[in-house]
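Chemist: The following comprises the amino acid sequence and a computationally predicted model.
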Amino acid sequence: MHAPSRPDYVSVHFTGQQTGSYNNGKQWRRQSYWRKWKQLSRLQRSLFLFMLVLLFICGLASYSSVTKQLRGKLSLREQETESNILQKPFKPHVLPEPVKQGQDPLLEQLSQRKLSNKRGPPVLLNRLQKKGNASNILSEVKVADIKKEGEEERVISWRGAVIDTVQATDGTKDGENKEDSPGNRNVNQSKVLETERMEAVREAFRHAWKGYKEYAWGHDELRPVSRSYSEWFGLGLTLIDALDTMWILDLKQEFEEAREWVASELTFNKNVDVNLFESTIRILGGLLSTYHLTGDSLFLDKAKDVGSRLMPAFNTQSKIPYSDVNIGKGTAHPPRWTSDSTVAEVTSIQLEFRELSRLTQEPQYQAAVAEVMNQVHKLEGKLDGLVPMFINTNSGQFTHQGIYTLGARADSYYEYLLKQWIQGGKKENQLLEDYLQAIEGVKKNLLQKSSPNGLVFVGELSHGQFSPKMDHLVCFLPGTLALGAHNGLPADHMDLAKELMHTCYQMYVQMETGLSPEIVHFNMHQGSIRDIDVKPADRHNLLRPETVESLFYLYRFTKDRKYQDWGWKILQNFNKYTKVSSGGYTSINNVCDPDYPSPRDKMESFFLGETLKYFYLLFSEDADLINLDKYVFNTEAHPLPIWPPAEPQPL
């Protein structure tokens, strides 16, 4: 059946007369107004224009008066608001309770995301922010207020700071120190401060341990924001690294929980590759230290087990060890991308293996690491005692020569020269000579001052070109210099230690969050406005310990309380910007943005193993709490005994 036909369009017609009438009408009205205006006399037109101008001026005057009154009212309201704010105590920010996995698909994705584990070279530390990471997810958290019955009101923002109001405000500005000299405090005040600050560190540890215990127990590292964990070696890295910290802080319950896990769960019979350097300083060093502090043979037995499993790394033609070891298979290999090891890694395992030989009376451990030091001592390619960053495991020679730094890949070589000399009873002159020569090389080639305030800093040298770049890792140097001066080395080492300590502290206080970035660049040109610049890729803070470590040494040897006060400010800022309310602390991506520093969702094991331990020792007045004439710290802050003078060495 066909539908009836109908037209495909509708036509609308306008007559020419209608269109013409409309246009002609508008034109006629315009002509009529102009004709009337021309018919007015000159006087009439002048009076008319004068009235228009007068009305315009009156309008402006009345508008100004109304605006002024409104501004006055707003100003009064602002003053009232400011007065109310000043009368109220400071309200620290806290991180809202993270959404549990399974409730938020974004956090589900976050918990699966792998961040860099390595302690070492900054290029391996995931320096650039990526889309979809923790910072992007947390930026969507809305700001709100929480007020529970019986609690103070708190403001929620991204960050995890749950800190006491008194702790957050001490009445001083960053960089100032109202209690620089011991004379500003009496004995009672000092004791109260000591007790409060040490307890604050214990509380920080408990909070970090709470997160690890609930969300990462037995695993390597806590991811506090997503309430999950990450694995590196699968050996409970954070737990082992924190054993001696718990003992020193007298956290008996936490220590017993950890000991039970070591006794029942920890095994090194695993088909897993571990990094020789990292597993030596964290695991072997942590077990040896805990054995010495507790006398518990469990930890020595575990140390013997892991130490023997690391030895295949030394089975190379050059005797320079490979970087990676499979502790289950007993095999070792260099990284997939190179046959080089870093100089810092192969020369910063000596304290631990030397001590293992002394305890077991098995000389092979000390012999292996001593051979490394002897070869590095004889190598060409040094500059006034400064070493390149890489060494080839096949040839035993330095590679990538011409670049000299006290930052990543070379830093702890210099530290272990001094500390091996101290550990062995100050008898190994070759180690001392290499250390003294290196410090003179630093003074000659790497030491400069910034502009405008003349901060003394340690830069880098690349093929004869000086770079004013300084890693936060370099802040180990003030403490090492002070330790050397304490052990009889030149007094000007202590002078340099104090200057560099001030610079390292400025790397904190000149940042908007009061936390240091991973790398800074110092201005050296006259007329510079600020001493320190930070590139966007270097703005992260990993909860590193080096500055706190040096503050501990400087305070222990000088008793100048400003170092304690500086450390207290740093601890407050860790609490303010990195503490996660559900438990744990997180590294952050941007120390230059106090409103959103961008959490990385990662708590490195060294935060418990080193950072909090050095805070506790810094605030303690007890020089016998890890006596520095009896113990020497490895580069992971694990104290090992200085060998008795009468005791023969294993070799």
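Modeler: The structure has been received and is ready for your questions. All values derive from a computational prediction rather than experimental measurement. Residues are numbered from 1 along each chain as shown.

Chemist: who does the helix or strand hosting Y577 touch, helix- and strand-wise?
Modeler: In the assignment (DSSP states H and E), Y577 maps to helix 562-578. For helix 562-578, the packing partners by 3 or more CB pairs under 8 Å, 6 or more residues apart in numbering; DSSP states H and E come out as helix 165-168, helix 187-215, helix 492-509, helix 546-558, helix 612-619. All C-beta atoms are positioned from the backbone trio N, CA, C, and that covers glycine.

Chemist: per-residue confidence averaged over the last one?
Modeler: This means helix 612-619. Averaging pLDDT along helix 612-619 yields 98.

Chemist: what bits of the chain have low per-residue confidence?
Modeler: 1-39, 61-184, 646-651 (pLDDT under 70).

Chemist: switch to 90 and redo it
Modeler: Along the chain, the model assigns pLDDT under 90 to residues 1-191, 526-527, 645-651.

Chemist: Dump the helices and strands packed on helix 562-578 into a markdown table; add mean neighbour count and distance to A438 as well.
Modeler: Below are these laid out as a markdown table (neighbours: other CB atoms under 10 Å; distance: least, CB to CB, whole Å):
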| stretch | mean neighbour count | distance to A438 |
| --- | --- | --- |
| helix 165-168 | 14 | 40 |
| helix 187-215 | 17 | 33 |
| helix 492-509 | 21 | 12 |
| helix 546-558 | 25 | 17 |
| helix 612-619 | 27 | 24 |
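
Chemist: With distance to L446 as extra columns, can I get the ones you listed in a markdown table?
Modeler: Converted to a markdown table, the helices and strands packed on helix 562-578 look like this (distance: least, CB to CB, whole Å):
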| stretch | distance to L446 |
| --- | --- |
| helix 165-168 | 38 |
| helix 187-215 | 33 |
| helix 492-509 | 11 |
| helix 546-558 | 17 |
| helix 612-619 | 25 |
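
Chemist: out of those, nearest to L356?
Modeler: The closest of the helices and strands packed on helix 562-578 to L356 is helix 612-619. By CB to CB, the value is 21.6 Å.

Chemist: following the closest one, which helix or strand comes up?
Modeler: strand 631-633.

Chemist: Tell me what the residue nearest the centre of the chain is bridged to.
Modeler: Note on the chain: the residue nearest the mean C-alpha position is N541, at 2.3 Å, using CA atoms, centre = their mean. Assessed by DSSP bridges, N541 has beta-bridge partners I588.

Chemist: before we move on, back to that, out of the helices and strands packed on helix 562-578, which comes closest to G295?
Modeler: Closest among these, once you apply CB to CB, is helix 612-619, at 19.6 Å.

Chemist: Which neighbouring elements make contact with that closest one?
Modeler: Packing partners of helix 612-619 (3+ CB pairs under 8 Å, 6+ apart): helix 187-215, helix 243-248, helix 546-558, helix 562-578.

Chemist: when you compare where the third one runs with where helix 612-619 runs, what's the angle?
Modeler: It refers to helix 546-558. 30 degrees (axes from the mean of the first three to the mean of the last three CA atoms, to 10 degrees).

Chemist: tell me the angle helix 546-558 makes with helix 492-509.
Modeler: Helix 546-558 and helix 492-509 meet at an angle of 140 degrees, taking the same axes, to 10 degrees as the criterion.

Chemist: chain center to helix 546-558: distance?
Modeler: Its chain's average C-alpha position is 18 Å from that of helix 546-558, according to CA atoms, centre = their mean, to the nearest Å.

Chemist: Dump the C-alpha coordinates for it into CSV.
Modeler: Output of helix 546-558 as CSV, limited to C-alpha atoms (Å, rounded to 0.1, in the frame of the first residue of the first chain):
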residue,chain,number,x,y,z
GLU,A,546,72.2,11.5,55.7
THR,A,547,71.6,15.0,57.1
VAL,A,548,70.2,13.5,60.4
GLU,A,549,73.2,11.2,60.6
SER,A,550,75.6,14.1,60.3
LEU,A,551,73.6,16.1,62.9
PHE,A,552,74.0,13.2,65.3
TYR,A,553,77.8,13.2,64.9
LEU,A,554,78.1,17.0,65.1
TYR,A,555,76.0,17.1,68.3
ARG,A,556,77.8,14.1,69.9
PHE,A,557,81.2,15.7,69.4
THR,A,558,80.4,19.4,70.0
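
Chemist: Outside of it itself, list whatever touches it.
Modeler: Helix 546-558 is contacted from outside by 472-480, 482-483, 485-486, 494, 497-498, 500-501, 504-505, 507-508, 516, 560-561, 563-564, 566-567, 570, 610-611, 614-615, 617-618, 623, 628, 633, 637, using CB atoms under 8 Å, 6 or more residues apart in numbering.

Chemist: what do you get for the shortest one?
Modeler: For helix 243-248, the surrounding residues in contact (CB under 8 Å, 6+ apart) are 205, 209, 254-255, 258-259, 262, 286-287, 289-290, 293-294, 299, 608-609, 612-613, 616-617, 625-626, 637-639.

Chemist: Give me the helices and strands touching the helix or strand that it is followed by, please.
Modeler: Using DSSP H and E, the helix or strand that follows helix 243-248 towards the C-terminus is helix 252-264. With contacts taken as 3+ CB pairs under 8 Å, 6+ apart, helix 252-264 sits against helix 187-215, helix 237-241, helix 243-248, helix 297-310.

Chemist: same thing but 7 Å
Modeler: Packed against helix 252-264 by the contact rule (3 or more CB pairs under 7 Å, 6 or more residues apart in numbering; DSSP states H and E) you find helix 243-248, helix 297-310.

Chemist: looking at those, which is buried most?
Modeler: helix 243-248 (a mean of 24; mean count of other CB atoms under 10 Å).

Chemist: Report the distance from that one to the chain centre.
Modeler: Relative to the chain's own centre, helix 243-248 is displaced by 22 Å; criterion: CA atoms, centre = their mean.

Chemist: Please apply the same query to stretch 496-515.
Modeler: Mean C-alpha position of stretch 496-515 versus that of the full chain (CA atoms, centre = their mean) differs by 13 Å.

Chemist: Contacts for it next, please.
Modeler: 174-175, 455-457, 472, 475, 477-478, 481-482, 485, 516-517, 520, 531-532, 541, 547, 550, 554, 566, 569-570, 573, 577, 591-594, 597 (CB atoms under 7 Å, 6 or more residues apart in numbering).

Chemist: Just the buried ones from those?
Modeler: Among the contacts of stretch 496-515, those classed as buried by 16 or more other CB atoms under 10 Å are 455-457, 472, 475, 477-478, 481-482, 485, 516-517, 520, 531-532, 541, 547, 550, 554, 566, 569-570, 573, 577, 591, 594, 597.

Chemist: List the contacts of P335.
Modeler: Applying CB under 7 Å, 6+ apart, the residues contacting P335 are 323-324.

Chemist: would it count as being in a helix?
Modeler: No: under the criterion used here (DSSP: H, G, I helix; E, B strand; the rest coil), P335 is coil, not part of a helix.

Chemist: how much space is there between it and E345?
Modeler: Note on P335: its distance to E345, by CB to CB, to the nearest Å, is 11 Å.

Chemist: Name the residues contacting each of these two.
Modeler: S323.

Chemist: these two touch, right, H219 and S228?
Modeler: No: H219 is beyond contact range of S228, at 9.0 Å (criterion: CB atoms under 7 Å).

Chemist: Any chance of the backbone angles for I532?
Modeler: phi -120, psi 130 (degrees, to the nearest 10).
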